[in-house]
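Visitor: Need coordinates for the below:
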Amino acid sequence: MITTTSQAEARQQKREPVLSIRQLVKRFGGLTAVNKVDMDVYPGEVVGLVGDNAAGKSTLIKCVSGVYHPEDGEIYFQGRRVNFARPIDARNAGIETIYQDLALAGNLNVSANIFMGREAKKRHLGGLIHTLDERYMLDESKQVLDTLEIRFPSYTEQIEKLSGGQRQAVAIARAVYWQARLMIMDEPTNNLGVVEQRKVLELIHKLKEQDVPVILISHTLPDVFAVTDRIVVLHRGRKVTEKSTSETDSQEIVQYMVGALDDSAEIRTA
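Guide: Residues are numbered from 1 along each chain as shown. The predicted structure is shown next:
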């Protein structure tokens with residue numbers, strides 16, 4: 001038994017993080033929105049990123065996803081130092097970010113949204129004419145949705161006519177289809193009913209099963225505790241603690257969120 005435990009710990013230590021953030025700093029004028037934050041995300045784990053309003057959560061992920069450019073610090077993705085100039089560069093590298101607005105086109109159907117910006121085309125007249133290969137995109141979309149156990153009454157329905165949970169499912173399916181290496185989800189269950197919230201959490205579990213790591217930003221702590229392996233808490237731009245989900249509770253996390261507790265000195269010296 002002791003030998004088995006040691007072997008498991010050794011394997012854990014050999015794992016390389018998919019994402020490493022080191023001493024990241026982002027300022028807006030005189031305001032330091034992200035202040036020397038360190039964070040790692042490993043394959044197949046879900047990390048909760050929580051904090052009160054203006055804690056720096058969204059700013060941090062926007063630095064990772066190429067929306068903002070940090071003033072200081074380093075970001076490593078799949079072992080390589082990166083500095084994405086644009087969100088499309090991060091997306092092409094395998095970082096998919098799903099914001100609250102989902103970035104879906106309401107007037108397009110499911111498959112058109114999954115292939116948006118990367119449409120499949122057919123060639124005609126020796127390649128002189130290109131048209132959309134709608135059948136291929138529909139078949140591929142159904143296949144990826146099936147792997148996530150997502151069903152729609154109609155795949156040709158406009159996105160704007162789908163429920164909030166169904167739209168989330170389309171955004172997640174798009175990321176899975178394009179082989180995301182890291183998924184960042186910003187308040188994915190916000191404004192959803194209980195049943196749809198549960199479905200989104202199930203999808204996060206499926207991403208985990210497929211070894212796709214997820215950063216989950218949420219104010220809904222029951223959701224965070226339902227799916228995460230670790231929880232990172234930011235307060236006024238600083239990382240104040242990092243806890244294994246199984247070794248903490250909502251009451252303790254709330255205390256860190258409001259600034260009543262602060263492990264940042266220990267984090268800096270660890």
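
Visitor: where does the protein have its least confident helix or strand?
Guide: Within the chain, judged by mean pLDDT, DSSP states H and E, the helix or strand with the poorest mean is helix 2-14; its value is a mean of 42.

Visitor: buried residues in the helix or strand residue 200 falls within?
Guide: Residue 200 is part of helix 194-209 when elements are defined by DSSP states H and E. Neighbour-count burial for helix 194-209, counted by 16 or more other CB atoms under 10 Å, picks out 196, 197, 199, 200, 201, 203, 204, 206, 207, 208. Every residue, glycine included, has its C-beta placed from N, CA and C.

Visitor: Could you double-check that the second one sits in contact with residue 189?
Guide: Yes: using CB atoms under 8 Å, residue 197 is in contact with residue 189, at 4.3 Å.

Visitor: Now the common contact residues for the two.
Guide: Residues touching both residue 197 and residue 189 (CB atoms under 8 Å, 6 or more residues apart in numbering) are 220, 223.

Visitor: what stretches of the stretch 1-150 of the chain score poorly on pLDDT?
Guide: 1-14, 101-102, 125-127 (pLDDT under 70).

Visitor: For it, which segments count as strands?
Guide: Secondary structure of the stretch 1-150 of the chain (DSSP state E, counting those that start in this stretch): strands at 19-28, 31-41, 46-50, 72-77, 80-82, 95-98, 121-124, 129-132.

Visitor: so which of those gets nearest residue 150?
Guide: With CB to CB as the criterion, residue 150 lies closest to strand 95-98 of these, at 14.8 Å.

Visitor: name the helices or strands packed onto that closest one?
Guide: Under the contact definition 3 or more CB pairs under 8 Å, 6 or more residues apart in numbering; DSSP states H and E, strand 95-98 sits against helix 87-93, helix 164-177, strand 182-186.

Visitor: No more questions from me, cheers.
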